[in-house]
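**Q** here is the input, now give the coordinates:
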Amino acid sequence: MAHPLALAYFALFAGLLLVIAGVAIFGRGSDGNPVARIDLGPRPHRVAHVTPPVQAPPQEQQPEAAPTETTPTPAPPQAAVQAPPQTTPEPALPPALVPGTISKPVFAGRALVADPALIEQTDNGPLPRIADDGRTPMIAYAPPVKTDSRPRIAIVISGLGISAKETASAIAELPAGVTLAFAPYDEDVQRWVGQARATGHEVLLEVPMEPYDFPDSDPGPHTLRSGASEDSNIRKLTWSLTRFTGYAGITNLLGSRFLADEDALSPVMTFLQRRGLLFFDQGSTTHSAAPGIAHQTGAPYVQSLSTIDTIQTGMEIDRRLSDLESRARLTGAAAGSGFLYPVTIERVADWAKGLQGRGFVLVPASAIIGAGK
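**A** As a prediction, the model looks like this:
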């Protein structure tokens, strides 16, 4: 019996050896299945480690996985918020002084801006006329000027009544002796005229006239045209003259071609003379027929000797103003014209501060009738 028992133990031992060898070579059948391990030993303090999320390929632009740590994640940079552009509010409009129907004199401060005796009421509006007592709008609406033997200089600045900001700036910054010319198109122009008169300025009306490069330069639908009939031009002139009250005369808005046409200009200047209005020629037309017509008809007329801001630099404007002083010394009076450019307003206001100290007096255009002839 001993021998068979020994053989059994030997067979069992050999089988165990074969199992151990098979596991070593081929692995366990449980490999690959989940296995739970419990660590019963003491746990030292450790910092948690988080495996970073897998980044998507750049071309796919997939959103990143949410972080699992409690450490705050920096916020993505935000586009800078741009503040809205600062806009300068338009100046408040001056009060409306002149009613639709003028039945009594209207004043802005001490300055007259409307007088029924000087107005012919029309369907288009108030048309200036010579009063029954002989008073003319030119005299009635002109600022008073003291008697002074010093040479006189007049400056006319045009372009007012279109931009409220620039108009308010010119009225406030320019001395009262500067004459202001208003375009006829803005509905609120009468308010600004009242403000200008209240601060002592003489006022002119700009009448649109045909330039040589018309219609590339187009002053508007009521432009006086060379070659048009007299009736057509007078109708357009009347439209401009009825836009507001309180002006001493008119000046040309563009008009190089029209002013050079004696046949077209003569009826217009005659009409103005019969209405008691001054004509101020801005002097931009080399061959203007206005001086000769004014001499023939006796129309009140002033011609600008220089456009002071043809070149819009402070140095050039100062030079042109100095030239006016030289001419005034020789002839006793001189007139210049400019536009509502900020640099023009600045240089004229600064120039005028020292004018009396240099022996001159600044006067409205109506105070130098005939200057420049």
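**Q** which parts of the stretch 151-300 of the chain are helices?
**A** Ranges of helices within the stretch 151-300 of the chain are 164-173, 189-198, 230-241, 256-260, 262-274, 290-297, based on DSSP state H, counting those that start in this stretch.
**Q** mean pLDDT and mean neighbour count added to the ones you listed, as JSON lines?
**A** Where you see a C-beta, it was placed from the backbone N, CA and C, and this is true even at glycine. Output for the helices of the stretch 151-300 of the chain, formatted as JSON lines (pLDDT from 0 to 100; neighbours: other Cβ atoms under 10 Å):
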{"stretch": "helix 164-173", "mean pLDDT": "96", "mean neighbour count": "18"}
{"stretch": "helix 189-198", "mean pLDDT": "97", "mean neighbour count": "24"}
{"stretch": "helix 230-241", "mean pLDDT": "98", "mean neighbour count": "18"}
{"stretch": "helix 256-260", "mean pLDDT": "96", "mean neighbour count": "23"}
{"stretch": "helix 262-274", "mean pLDDT": "97", "mean neighbour count": "19"}
{"stretch": "helix 290-297", "mean pLDDT": "94", "mean neighbour count": "17"}
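**Q** same list (those helices) but as CSV, adding distance to Val113.
**A** Formatted as CSV, the helices of the stretch 151-300 of the chain follow (distance: least, Cβ to Cβ, whole Å):
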stretch, distance to Val113
helix 164-173, 14
helix 189-198, 5
helix 230-241, 15
helix 256-260, 29
helix 262-274, 20
helix 290-297, 26
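**Q** Val348 is nearest to which of those?
**A** helix 164-173 (8.8 Å; Cβ to Cβ).
**Q** what lies in contact with the closest one?
**A** 88, 90-91, 93, 157, 159-161, 180, 188, 192, 195-196, 199, 201, 340, 342, 345-346, 349 (Cβ atoms under 8 Å, 6 or more residues apart in numbering).
**Q** where does pLDDT dip in the stretch 101-250 of the chain?
**A** Judged against pLDDT under 70, the stretch 101-250 of the chain has no low-scoring part.
**Q** ok, now the stretch 251-373 of the chain?
**A** Applying pLDDT under 70 to the stretch 251-373 of the chain flags residues 370-373.
**Q** for it, what spans make up the strands?
**A** Assigned by DSSP state E, counting those that start in this stretch, the strands in the stretch 251-373 of the chain fall at 278-281, 301-303, 306-307, 333-339, 361-362.
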